[in-house]
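J.: I need the structure of the sequence given here:
(one chain, ligands or ions: 1)
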Amino acid sequence: MCDKNHNTITDPCEHHLTASNQYTYGDIEELANYLKERVSIQPQIGIICGTGLGAVTELLADPTIFDYKDIPKFPVSTVPGHAGRLLFGHIDGTPVISMQGRFHFFEGYPLWMCTMPVRLMKLLGVTTLILSNAAGGINPSFNVGDIMLIKDHINFVGFAGHNPLRGPNEDKFGARFVAVNDAYSRELLREAKAVAQGLGMKGVQEGVYACIGGPSFETVAELKLMHQLGADAVGMSTVHEVITARHCGIKCFALSLITNMCVMDYESDEKPDHLEILTVGKERENDVKILVKNIILRLAKIN
Ligand SMILES: O=P(O)(O)O[C@H]1O[C@H](CO)[C@@H](O)[C@H]1O
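T.: Model prediction:
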């Protein structure tokens, strides 16, 4: 820890710099300009694909694709199931930008770095963000393969003091304090439910997503606590992206694919396993794809 008695804003030290966002508004503007010079699509909708759910990007017609490693100042994906590509294209006429792979806190990235692409999307013109993730089911009425439409979250990472907005506020993106009681657009949730119903999709649930830091999964005691607190599913992402999006006024819709049921019994020999999580993602990615496509179609009709 830093023991220097100093003003962290006017005289930041290395430790404080890591805690605070190092991407200035100008840096992200530069990044947006870099992409605008190379692709003419101005996206309205942003998509962030969860573990094993990158197939949603197949919806983009004739996409322009950037590998994260080729974009200046961009982090790179290190988790299997996250391809590490940024795609621009159209889904049934709607201009879209999609991240095939996200950044997680457990990879070692500070939260401001994990969520920088959301601010980039804002500067590129995105007004609505659709997020997906793989999650463990806590609600005993859920089944593996269910799709949970997220209505709220419990931010355990935030409880521990980690927030993507920590540090000096960037007023050009939004105000210092941001309300998140309505983080998940009720309108989008209603529309998504109507779409799922219209498609006759089975196993579509609604619930509360709990976010932990990972990469360790949860203990039985932690899961029992989460259940008592009202969490229906648990994962290691999404919430920081949603906070960053709400800060800059982007509407959010998020869904979890329940890739495993959490082990809440000391007698059980089962364990969560990333490879199994990827397998369930593969099995259900088509349904997630259909749902996302139809939500975008519906949004195009009502907007
Ligand atoms: O949230 P996404 O990116 O879908 O990934 C989920 O899958 C991984 C665990 O297998 C964790 O990273 C968890 O958060």
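J.: Look up how far F142 lies from R246.
T.: 26 Å (CB to CB, to the nearest Å). For glycine as for every other residue, the C-beta is placed from the backbone atoms N, C-alpha and C.
J.: swap in I71?
T.: I71 is 37 Å from F142, by CB to CB.
J.: Next: V288.
T.: V288 is 16 Å from F142, by CB to CB.
J.: Pick out the residue nearest the middle of the chain.
T.: T238 (3.1 Å; CA atoms, centre = their mean).
J.: The longest helix anywhere in the chain: how far from the chain's middle?
T.: When the chain is parsed with DSSP state H, its longest helix is helix 274-302. Relative to its chain's centre, helix 274-302 lies at 14 Å (CA atoms, centre = their mean, to the nearest Å).
J.: So for it, what gets flagged as buried?
T.: For helix 274-302, a neighbour-count test (16 or more other CB atoms under 10 Å) marks 274, 277-278, 280-281, 284-285, 287-296, 298-299 as buried.
J.: so which of those residues also contact the ligand?
T.: Contacts with the ligand within the buried residues of helix 274-302, as defined by CB under 6 Å from any ligand atom: 274, 277.
J.: what does this structure have sitting close to the ligand?
T.: Residues of the chain lying near the ligand (CB under 6 Å from any ligand atom): 50-51, 79, 102, 104, 133-134, 214, 235-237, 274, 277.
J.: and with 5 Å instead?
T.: Selection of the chain residues close to the ligand by CB under 5 Å from any ligand atom yields 50-51, 133-134, 235-237, 274, 277.
J.: Of those residues, which belong to strands?
T.: 133-134, 235 (DSSP state E).
J.: what about the helices in the stretch 51-200 of the chain?
T.: 111-114, 116-124, 156-159, 186-199 (DSSP state H, counting those that start in this stretch).
J.: Which strands and helices lie in contact with the second one?
T.: Where contact means 3 or more CB pairs under 8 Å, 6 or more residues apart in numbering; DSSP states H and E, helix 116-124 is packed against helix 25-36, strand 45-48, strand 94-100, helix 239-247.
J.: Hmm, V220 and D265 touching each other?
T.: Yes. Contact between D265 and V220 holds when scored by CB atoms under 8 Å: they sit 7.0 Å apart.
J.: ok, those two, which is more surrounded?
T.: V220 (14 against 11; other CB atoms under 10 Å).
J.: Next, count neighbours for A61.
T.: A61, neighbours per other CB under 10 Å, totals 11.
J.: That one contacts G89, doesn't it?
T.: Yes. With contact defined as CB under 8 Å, A61 counts as touching G89 (5.6 Å).
J.: give me every residue that touches L31.
T.: 71-74, 120, 123 (CB atoms under 8 Å, 6 or more residues apart in numbering).
J.: could you redo the last one with a cut-off of 6 Å?
T.: Contact analysis of L31 by CB atoms under 6 Å, 6 or more residues apart in numbering lists L120.
J.: From P75, how far off is it?
T.: For L31, the distance to P75 - CB to CB - is 12 Å.
J.: What of Y34?
T.: With CB to CB as the criterion, Y34 and P75 are 15 Å apart.
J.: V157 now?
T.: For V157 relative to P75 (CB to CB), the value is 17 Å.
J.: what does Q197 give?
T.: From Q197 to P75 the distance is 38 Å (CB to CB).
J.: So between the two, which is more surrounded?
T.: Taking other CB under 10 Å, Q197 and P75 do not tie; P75 has more neighbours (20 against 10).
J.: you'd agree that one is up against F103?
T.: Yes. Contact criterion CB atoms under 6 Å: P75 and F103 qualify, at 5.1 Å.
J.: intersection of neighbour lists for those two?
T.: Y109.
J.: got the contact list for stretch 119-136?
T.: Residues from elsewhere that reach stretch 119-136 (CB under 6 Å, 6+ apart): 28, 31-32, 42-53, 97, 173, 233-235, 237-238, 241, 245, 248, 250-257, 259-260, 262, 272, 277, 281.
J.: Name only those of those residues that count as buried.
T.: Looks like the contacts of stretch 119-136 have 28, 31-32, 43-53, 97, 173, 233-235, 237-238, 241, 245, 248, 250-257, 259-260, 262, 277, 281 buried, using 16+ other CB under 10 Å.
J.: Mind checking which of I71 and F142 has more residues around it?
T.: F142 (21 against 18).
J.: Do I have it right that that one meets I258?
T.: Yes. Under the criterion of CB under 6 Å, F142 makes contact with I258 at 5.3 Å.
J.: sec struct for C252, please.
T.: Counting by DSSP: H, G, I helix; E, B strand; the rest coil, the backbone at C252 sits in strand.
J.: I'd say it and A245 touch.
T.: Yes. Using CB under 6 Å, C252 makes contact with A245 at a distance of 5.3 Å.
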